[in-house]
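*Asks:* coordinates for the following, if possible.
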Amino acid sequence: MIPEIRKSFNEKFSNENYEAFIKEMDSRHGEISFRIAETPVFVSKNFSNQMIDACESIVDIIKSPSFKTLTEKAVPDNLVVPNENDYPHCIAFDFGVCKNNNGELEPQLIEMQGFPSMFCYEIMLEEVYRNHFEIPDGFAGYIGGYNKESYIQLLKDVIVGDLNPENVILLEIFPEKQKTKIDFYCSEYYLGIKPVCVTTLIKKDKQLYYEKDGKEVLIKRIYNRLIFDELLQQEPEVQQKAKILFEELDVEWIPHTAWFYRISKYTLPLIDHPNIPKTYYLNKLEAIPSDLENYVLKPLFSFAGQGVVIDVTPADIEKITDPENWILQRKVNYAAVIDTLDEPAKAEIRIFYFWKKGEDRPKPANNLARLSKGKMIGVRYNKDKTWTGGSFGLIEQ
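*Replies:* Down below sits the predicted model:
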């Protein structure tokens with residue numbers, strides 16, 4: 001994205017360096033179960049400013065007194081969990097790298113979620129990357145004035161707070177089987193919190209416990225990595241065990257499960273910004289657009305691109321039986337602008353926001369990136385392709 005820096009990186013790149021980098025990544029906290037891209041994304045200040053401006057416009061809406069009323073129907077009735085917090089502790093905003101009508105690069109929002117991302121893994125990624133590759137002066141993965149030390153402290157403040165880390169857990173479904181498990185192990189390393197499977201929780205009255213070193217330990221706060229939609233796809237015995245989460249409990253959620261739904265595709269039709277594609281609730285669509293080929297059909301309640309219809313036809317819309325659960329979004333055309341040693345790659349950048357207790361709004365602090373040469377971002381679309389996979393943006397400071 002910055003031609004002179006990209007050219008220099010590609011000329012200096014060697015497979016030996018990359019293999020040594022991967023070897024160290026796998027040696028830190030266990031082998032990583034997804035592909036790590038050969039390169040970061042070099043992001044200009046102008047491009048990053050556009051992303052932040054779009055994020056801030058969304059934050060303004062989230063902060064508005066009417067936001068909870070506007071998103072009242074976002075949370076599925078069967079997934080309502082008691083004790084919702086007043087604000088989301090973290091937000092992740094996904095932007096595609098695109099070209100506008102003038103041929104200029106610009107970010108376009110793809111999705112957002114009031115839910116954690118690879119917050120701790122990114123610490124290790126940049127740290128190990130610096131051991132094997134040269135980073136241009138004036139560039140860093142951290143944003144908003146943060147560095148490694150202050151970012152770790154920020155995560156501790158938001159996720160652990162003033163509690164003993166052993167009373168805070170990272171909650172998932174079978175964490176050791178998740179593709180993102182490396183982030184759980186990094187969270188344990190940097191923050192001291194243990195990944196715990198929902199099936200192992202122990203409930204006594206209104207309190208939850210987990211077992212550690214043969215003892216039951218009280219849980220005061222849940223750092224939630226469990227996607228509740230995924231519970232509905234689990235075996236009945238897993239769903240049965242998870243029912244305790246829907247009861248009144250003496251536990252705090254970081255973030256509360258409701259924010260996964262409130263800050264999501266559901267929110268997009270409420271926003272008007274040049275870096276956010278026009279989006280409609282399907283049940284409120286007055287007429288099918290004449291240029292339907294420029295739109296994508298998305299289910300509101302799905303994760304990781306499941307159920308998305310890329311090449312939409314009127315028939316696809318007409319056969320939807322629950323239009324209140326779908327959106328029609330103007331299609332974002334990723335630009336293949338990351339020069340690699342063979343074909344160019346597309347990129348997506350995720351900005352991490354965190355909302356500290358006592359502050360009036362969340363602030364940006366870090367990012368991740370994903371590179372793709374397939375039709376969509378994701379491992380299944382990039383099999384046997386190099387210079388694709390998980391990465392991070394090195395952003396001009």
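
*Asks:* shaky segments in the protein?
*Replies:* Where the chain drops to pLDDT under 70, the residues are 302-306, 376, 378-381.

*Asks:* give the contact list for the residue nearest the centre of it.
*Replies:* Nearest to the mean C-alpha position of the chain, by Cα atoms, centre = their mean, lies S117 at 4.2 Å. By Cβ atoms under 8 Å, 6 or more residues apart in numbering, the residues touching S117 are C90, A92, R350, F352, L368. Placement of C-beta: from N, CA and C, glycine included.

*Asks:* can you tell me which of the residues you listed comes closest to S33?
*Replies:* Closest to S33 out of the contacts of S117 is L368 (15.8 Å), distances taken as Cβ to Cβ.

*Asks:* in this structure the closest one contacts A347, no?
*Replies:* No: assessed by Cβ atoms under 8 Å, L368 is found out of contact with A347, at 10.9 Å.

*Asks:* out of the two, which sits in the busier spot?
*Replies:* Neighbours per residue, other Cβ atoms under 10 Å: of L368 and A347, the larger number sits with A347, 28 against 23.

*Asks:* quick one: the more buried one from T279, how far?
*Replies:* In this view, A347 and T279 are 22 Å apart by Cβ to Cβ, to the nearest Å.

*Asks:* same question for E106.
*Replies:* 17 Å.

*Asks:* also I351?
*Replies:* For I351, the distance to T279 equals 19 Å [Cβ to Cβ].

*Asks:* of these two, give the one with the bigger neighbour count.
*Replies:* Between I351 and T279, counted using other Cβ under 10 Å, the more crowded position is I351 (26 against 21).

*Asks:* quick check, that one in contact with C55.
*Replies:* Yes: between I351 and C55 there is a contact under Cβ under 8 Å: 5.9 Å.

*Asks:* would you map the strands across the stretch 1-150 of the chain?
*Replies:* Applying DSSP state E, counting those that start in this stretch to the stretch 1-150 of the chain gives strands spanning 41-43, 90-99, 105-113, 139-140.

*Asks:* hmm, back to that, wait, which of the contacts of S117 is closest to K385?
*Replies:* Comparing these against K385 with Cβ to Cβ places L368 closest, at 19.0 Å.

*Asks:* most tightly surrounded among the strands of the stretch 1-150 of the chain?
*Replies:* Highest mean neighbour count of the strands of the stretch 1-150 of the chain: strand 41-43, a mean of 25 (counted as mean count of other Cβ atoms under 10 Å).

*Asks:* which residues does it contact?
*Replies:* For strand 41-43, the external contacting residues (Cβ under 8 Å, 6+ apart) are 1-2, 5-6, 9, 97, 136, 139, 338, 347, 349, 369, 371, 391-396.

*Asks:* how about stretch 246-255?
*Replies:* 80-85, 88-90, 114-116, 158-159, 168, 203, 206-208, 219-224.

*Asks:* of the residues you listed, buried ones?
*Replies:* 81, 84, 88-90, 114-116, 158-159, 168, 208, 219-224 (16 or more other Cβ atoms under 10 Å).

*Asks:* packing partners of the lengthiest helix in the chain?
*Replies:* Ranked by residue count, the top helix of the chain under DSSP state H comes out as helix 45-63. Here helix 45-63 touches strand 90-99, strand 105-113, strand 346-354, strand 393-396, going by 3 or more Cβ pairs under 8 Å, 6 or more residues apart in numbering; DSSP states H and E.

*Asks:* just checking, what packs against the longest one?
*Replies:* Okay, so that is strand 90-99. Packed against strand 90-99 by the contact rule (3+ Cβ pairs under 8 Å, 6+ apart) you find helix 45-63, strand 105-113, strand 346-354.

*Asks:* among those, which is nearest I317?
*Replies:* I317 lies closest, by Cβ to Cβ, to one member of the helices and strands packed on strand 90-99: strand 105-113, at 20.5 Å.

*Asks:* sheet partners, orientation included, of the closest one?
*Replies:* Using DSSP bridges, the strands paired with strand 105-113 are strand 90-99 (antiparallel).

*Asks:* tell me the gap between the partner strand and the middle of its chain.
*Replies:* Offset of strand 90-99 from its chain centre (Cα atoms, centre = their mean, to the nearest Å): 9 Å.

*Asks:* then it to PDB, C-alphas only?
*Replies:* Presented in PDB, the C-alpha positions along strand 90-99 are these (Å, rounded to 0.1, in the frame of the first residue of the first chain):
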ATOM      1  CA  CYS A  90     -14.100  -3.800  23.400                       C
ATOM      2  CA  ILE A  91     -15.100  -3.400  19.800                       C
ATOM      3  CA  ALA A  92     -13.400  -4.700  16.600                       C
ATOM      4  CA  PHE A  93     -14.000  -2.900  13.300                       C
ATOM      5  CA  ASP A  94     -13.100  -4.700  10.000                       C
ATOM      6  CA  PHE A  95     -12.200  -2.700   6.900                       C
ATOM      7  CA  GLY A  96     -11.500  -3.900   3.400                       C
ATOM      8  CA  VAL A  97      -8.800  -2.200   1.400                       C
ATOM      9  CA  CYS A  98     -10.700  -0.900  -1.700                       C
ATOM     10  CA  LYS A  99     -10.400   1.500  -4.500                       C
END
